[in-house]
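Q: Below: sequence and its predicted model.
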Amino acid sequence: MARLFGTDGVRGIANEELTPTLAMQLGQAGAYVLTKEKEHKPTIMVGCDTRISGDMLANALMAGACSVGANCIYVGVIPTPAVAFLAQKYRADAGVVISASHNPVEFNGIKFFDGNGYKLPDELEDEIEALIRDDMDGVKFPIGPGVGKIKYRTDAREEYINHSISSVPVNLNGMKIVVDCAEGASYYTSVEALKELGASVVAIHNNPDGTNINSNCGSTHMEELQARVVYEKAKVGLAFDGDADRLLAVDENGKIVDGDQIMAIVGSHMKSRGKLKRDTIVATVMSNLGFSLMCQKNGITLERTKVGDRYVLERMKEIGASLGGEQSGHIIFLDENTTGDGLLSALHLLQVMVDTGRNLSELAQIMEVLPQALVNAKVANHKKDKYMEYPEIAEAIKALDAKFAGEGRVLIRPSGTEPLVRVMIEGKDQRIIQEEALKLASLIQDVMF
């Protein structure tokens, strides 16, 4: 059987793959593993994004946690980074977010944080998974007063807003900003935070109904935001994903500014003020080659990791870095939060604009984005890690490596959250690399079908 946990928790189609029964089991096993050393009655904080399946899965998970003696605090719809922050602030023993991030509404996911707000290492996830597979063997279920209870809180999102604006208290008076909330968890927090800082906010896709999350909006569908920024003559556009742990931006001309560019802008600004610890940024192998060249030019050390913000975070903790993230917009400011945080990323980017008095289009010129083609091959989820076992695919990859040696690179990897193998090629000519990426993705899909 395939591993339950991917790079960002347990994901699947809600009520088909990720069922209430599995959610209850994850609640039982997760609460037990994360709190078994505690001598007090443990508390777990639970939040979700705006998906219609969120309440169903959250309540099933909390029922499981209560059945092993843990109390739960349900904070409802709230960004993922808010749960990480609040778990620390209120000294909860763990935090759980019910979300499938940027995925369509039919998907959902369950991801755990420890009491310090950090995503779990593989070993703890393996322990949770083993306990589920062993049908909770050896676990004693309490009765009477030993059973846990659920407390509901509706004010927690204000605590997160206050933390964010006190961390980056930038004056946004007079700045017009278009915000795409992706019909997701940022629909309230991002808009209110920016308003409190004085911005003139034009909010779009901020009316979630449970079924419209990420639907042609947010950080995965930027076209409407790009057009709206130009139409409104706004200074900047901000795009969040469903659970608001990632941010992409749009400059005043309607051009997308991705996670690499945001890290380049903010990281160089932090370095110039002595706030970039170890003069280092941690990024993944997917970051553009132009980002690496920017770091070299500006005296910044670049540390690369596997794809996944959890691996970025692990490396940041190991070396004491303060900034790290992904091209996709997961950016971690470790001095202020323990996970990717879209709102903090937005505030830091806006702070550079205010401090320098420069438009985003000008700031983005700090790095040249080299041509990059990314094409997804759809494959069965249980096969996606085995693509190199197929001789035709292995030979095609070897040939591409030789073709682009010295002038680009080829990176093939299975998605951590979806039934996909991702093909990424960088090179000098966009047309050529796009053709080659499409050809290889088609081969992978045909061979592994």
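A: Alright, I've got the coordinates. Model, not experiment: these values are computed from the prediction.
Q: The helix or strand bottoming out on mean pLDDT in the chain pairs with which strands?
A: Taking mean pLDDT, DSSP states H and E as the measure, the chain has strand 409-414 as its least confident helix or strand, at a mean of 89. Using DSSP bridges, strand 409-414 pairs in its sheet with strand 420-426 (antiparallel).
Q: Hey, what's the angle from the helix or strand following the strand it pairs with to strand 420-426? Just curious.
A: Elements were assigned by DSSP states H and E; along the chain past strand 420-426, the next helix or strand is helix 430-448. Counting by axes from the mean of the first three to the mean of the last three CA atoms, to 10 degrees, helix 430-448 lies at 150 degrees to strand 420-426.
Q: All further residue positions should be reported with the first residue as 33.
A: Got it, the first residue is 33 from now on, which makes the last one we talked about helix 462-480.
Q: Distance from helix 462-480 to the middle of the chain?
A: The chain centre lies 27 Å from the centre of helix 462-480; the measure is CA atoms, centre = their mean, to the nearest Å.
Q: List the buried residues for it?
A: By 16 or more other CB atoms under 10 Å, the buried positions in helix 462-480 come out as 464-466, 468-469, 472-473, 475-477, 480. C-beta here means a position set from N, CA and C on the backbone, and glycine is covered the same way.
Q: same question, stretch 343-363
A: 343-348, 353-363.
Q: Which residue ranges of this protein form helices?
A: Using DSSP state H, the helices of the chain run over 52-67, 86-99, 112-121, 154-165, 188-199, 218-228, 255-264, 291-304, 321-329, 341-351, 374-388, 392-395, 423-436, 462-480.
Q: how about the second one as PDB, C-alpha atoms only?
A: Right, helix 86-99. Extracted in PDB, the C-alpha atoms of helix 86-99 (Å, rounded to 0.1, in the frame of the first residue of the first chain):
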ATOM      1  CA  GLY A  86     -13.900  21.000   5.500                       C
ATOM      2  CA  ASP A  87     -16.500  20.700   8.300                       C
ATOM      3  CA  MET A  88     -17.100  17.100   7.600                       C
ATOM      4  CA  LEU A  89     -13.500  16.100   7.800                       C
ATOM      5  CA  ALA A  90     -12.600  18.500  10.700                       C
ATOM      6  CA  ASN A  91     -15.400  17.100  12.800                       C
ATOM      7  CA  ALA A  92     -14.500  13.500  12.000                       C
ATOM      8  CA  LEU A  93     -10.800  14.200  12.900                       C
ATOM      9  CA  MET A  94     -11.800  16.000  16.200                       C
ATOM     10  CA  ALA A  95     -14.000  13.000  17.100                       C
ATOM     11  CA  GLY A  96     -11.000  10.800  16.700                       C
ATOM     12  CA  ALA A  97      -8.700  13.000  18.700                       C
ATOM     13  CA  CYS A  98     -11.300  13.300  21.500                       C
ATOM     14  CA  SER A  99     -11.600   9.500  21.500                       C
END
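Q: angle of that helix against helix 52-67?
A: 50 degrees.
Q: Quick one: residues in contact with helix 86-99.
A: 46-47, 50, 52-53, 55-63, 76, 78, 80, 104, 106, 109, 128, 130-131, 140, 142, 173, 179-182 (CB atoms under 8 Å, 6 or more residues apart in numbering).
Q: Swap in 6 Å and give it another go.
A: The contact list for helix 86-99 (CB atoms under 6 Å, 6 or more residues apart in numbering) reads 52, 55-56, 59-60, 63, 76, 78, 80, 104, 130, 140, 173, 179-180, 182.
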